[in-house]
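> after the sequence you'll find the predicted model.
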Amino acid sequence: MPKESSFKLTYATMFNPPEELHINFEAALQKIKSNLGQEYPLLINGKERFTAEKNYEHSPINTDWHLATFQKGTAQDAADAIAAAKAAFPAWSHTPWEERVALLRKVADILDERVYEVAAAMVLEVGKNRSEALGEVAEAIALIRYACSQMEANGGYVRDMGSDPLPGFISTNQSVLRPYGVWLVISPFNFPAALTAGPTGSALVTGNTVVIKPSSDTCWTVSLLVDCLRQAGLPDGVVNLATGPGSTLGNALVESPDVSGITFTGSYDVGMNLYYNHTNLKYVRPTILELGGKNPTIISRHADVEDAALGTVRSAFGLQGQKCSAASRVYIEEPLYDKVVQRMVELTEKFAVGDPTERQVYLGPVINKKAYADYQTYVTDLAAAGTILTGGKQLKGGIYDKGYFCAPTIVADVPRNHPLWKKEMFLPITMVERVKDLDEAMQLANDTIYGLTAGFYGDPSEIDWFYDHIQAGVVYANRPQGSTTGAWPGFQPFGGWKGSGSSGKNAGGLYYLPLYLHEQIRNTVRRA
Ligand code: NAD
């Protein structure tokens, strides 16, 4: 972030950024827009590689904009990337951890210097608004720095243990956490910088070598991130970039016996399949899954109506509802239901939907043609089952005809057995429901396979009850900045319970780095 300001951009502070942020962003956007259409290579063993087949990425804002061209890597490219990472592992894992920390800190500094450029590319590629994009690059930097600081705080994870009481001998013990080997990082489209940089930084600083596979919709942001890793001077093969289809290149990466561990962030279905494939070898390898959500917000009769309505719509519609932490179900106690819902509708109708490169726009387009079509299917289904209170249509006319724009949608009166109460739609659609009391709200809130985030608005005396009963990895109370979204490394480490995550430990938190390390106990004996 800009050195001249004491302002720190996070997802909680992003609503009123200082003017300089806008000026810097606009300058970077102009520069990047005048230079669209470049081609980006794979990175294998420090060398650029171009493949026969290409992936031409267009912007979801305006599908006439050809953003950049990427390689459609094959199974052979996957094998080569893994071989490079495997060859680089012995030297990298034996590099003193302090040197690895210094290199990763350099990566974070380079990304910090390029924050506006990467954020501008991300706005064009993902369609997120500028504050969200700048916030995400800042999050990526924070995740790398947090991993470095955890390595330091834990002395490289080397600890002396007790000495055995062996008469006539001195028997010392040491616990050393050591890296596994080649680590595969598969990231989703919605947070391409943070959810590639976080796992990659953690894997690298702990001494693993990495192969990165981004979503085919967001190769640009990830290629720029990989550029920062190269610029920092990481040795060849320590980090490799393999872009290409999940079904071919992705499967070849996952099924390789030379991959020692995986961090996959993406949907429940793809993640669970990957888990079965990856663990179907001769022994179990660590598989960190960060999966979807169906995040509830519970609003008590004692809630502040304004905070509850504002926090809920911000979380429902930020990034067009395409956050794993989006507020997609809202349970409101009967006495406050009408007031909260009315205010949610008013606030939602004030959101500007349009080209997210423009300053005032809160919602940009959804990611691609499939998401756009899914939106229509869901709203048609929900209109038949319940009442659309606002939204409910794809937007048409003017710039809307060039991209994938959808109106933010609030739906009521949907029967509780409707499948969309349980399915992650990942679109700007949220469902509201009247409940007779908080126990009923809690029972409904917990009744899904997911357990990622959850929000609560009510009297302070009710908050501990909420925390104790809700089944979710990140929970918020009385937060107008967002009921279920906006976690930040070191403040709100991020991860899910149940079908939302596999490790039970949150990224950007105290217990995350050891997931990338296995323990070796060293017992040395000598005669007294
Ligand atoms: P996705 O599951 O479609 O794809 C995720 C990644 O997996 C992409 O890189 C994709 O190319 C790759 N992939 C697909 N098939 C593969 C295969 N067979 N082998 C290997 N890789 C394969 O998800 P998405 O649409 O990109 O992202 C949205 C999903 O991610 C949502 O479900 C969202 O909730 C989830 N998500 C979770 C978190 C979290 O921290 N829990 C964060 C962000 C997003």
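Thanks, I have the structure now.

> so who does Asp374 touch?
Asp374 makes contact with Met425, Leu427 under the criterion Cβ atoms under 8 Å, 6 or more residues apart in numbering. To be clear about C-beta, it is placed using only N, CA and C from the backbone, and glycine gets the same treatment.

> how about a cut-off of 10 Å?
Asp374 is in contact with Val366, Asn368, Cys406, Met425, Phe426, Leu427, Ile429, counting by Cβ atoms under 10 Å, 6 or more residues apart in numbering.

> between which two of those is the distance greatest?
Pairwise distances across the contacts of Asp374 (Cβ to Cβ) peak at 16.7 Å, for the pair Asn368 and Ile429.

> the two: which is more packed in?
Ile429 (27 against 17; other Cβ atoms under 10 Å).

> any chance you could map the strands in the stretch 351-500 of the chain?
Secondary structure of the stretch 351-500 of the chain by DSSP state E, counting those that start in this stretch: the strands cover 387-390, 409-412, 429-435, 450-451, 453-457, 474-477, 497-498.

> deepest-packed of the ones you listed, please.
Most buried of the strands of the stretch 351-500 of the chain, by mean neighbour count (mean count of other Cβ atoms under 10 Å): strand 453-457, with a mean of 30.

> for that one, C-alpha coordinates in CSV please.
Listed next in CSV are the C-alpha coordinates belonging to strand 453-457 (Å, rounded to 0.1, in the frame of the first residue of the first chain):
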residue,chain,number,x,y,z
THR,A,453,-18.6,-18.4,8.0
ALA,A,454,-21.6,-17.1,9.9
GLY,A,455,-22.9,-13.7,11.2
PHE,A,456,-25.1,-12.6,14.0
TYR,A,457,-26.8,-9.3,15.0
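
> which helices and strands does that strand pack with?
Contact analysis of strand 453-457 by 3 or more Cβ pairs under 10 Å, 6 or more residues apart in numbering; DSSP states H and E lists strand 295-299, helix 305-317, strand 327-333, helix 438-445, helix 460-469, strand 474-477 as its packing neighbours.

> how does it look with 7 Å?
Applying 3 or more Cβ pairs under 7 Å, 6 or more residues apart in numbering; DSSP states H and E, one finds that strand 453-457 contacts strand 295-299, helix 305-317, strand 474-477.

> deepest-packed of these, please.
strand 295-299 (a mean of 30).

> can that one be said to contact the ligand?
No: using Cβ under 6 Å from any ligand atom, strand 295-299 stays clear of the ligand, with a minimum separation of 9.5 Å.

> quick check: angle from that strand to strand 453-457?
10 degrees (axes from the mean of the first three to the mean of the last three Cα atoms, to 10 degrees).

> about what we covered before: tabulate the strands of the stretch 351-500 of the chain (a markdown table), appending distance to Ile332 and mean pLDDT.
As requested, those are exported to a markdown table (distance: least, Cβ to Cβ, whole Å; pLDDT from 0 to 100):
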| stretch | distance to Ile332 | mean pLDDT |
| --- | --- | --- |
| strand 387-390 | 13 | 98 |
| strand 409-412 | 10 | 98 |
| strand 429-435 | 6 | 98 |
| strand 450-451 | 20 | 98 |
| strand 453-457 | 9 | 98 |
| strand 474-477 | 16 | 98 |
| strand 497-498 | 24 | 98 |
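
> need those strands in JSON lines (columns: distance to Arg526).
JSON lines is the format used below for the strands of the stretch 351-500 of the chain (distance: least, Cβ to Cβ, whole Å):
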{"stretch": "strand 387-390", "distance to Arg526": "76"}
{"stretch": "strand 409-412", "distance to Arg526": "72"}
{"stretch": "strand 429-435", "distance to Arg526": "66"}
{"stretch": "strand 450-451", "distance to Arg526": "50"}
{"stretch": "strand 453-457", "distance to Arg526": "53"}
{"stretch": "strand 474-477", "distance to Arg526": "49"}
{"stretch": "strand 497-498", "distance to Arg526": "47"}
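
> of the ones you listed, which is nearest Glu132?
Of all the strands of the stretch 351-500 of the chain, strand 453-457 sits nearest to Glu132, with 16.4 Å by Cβ to Cβ.
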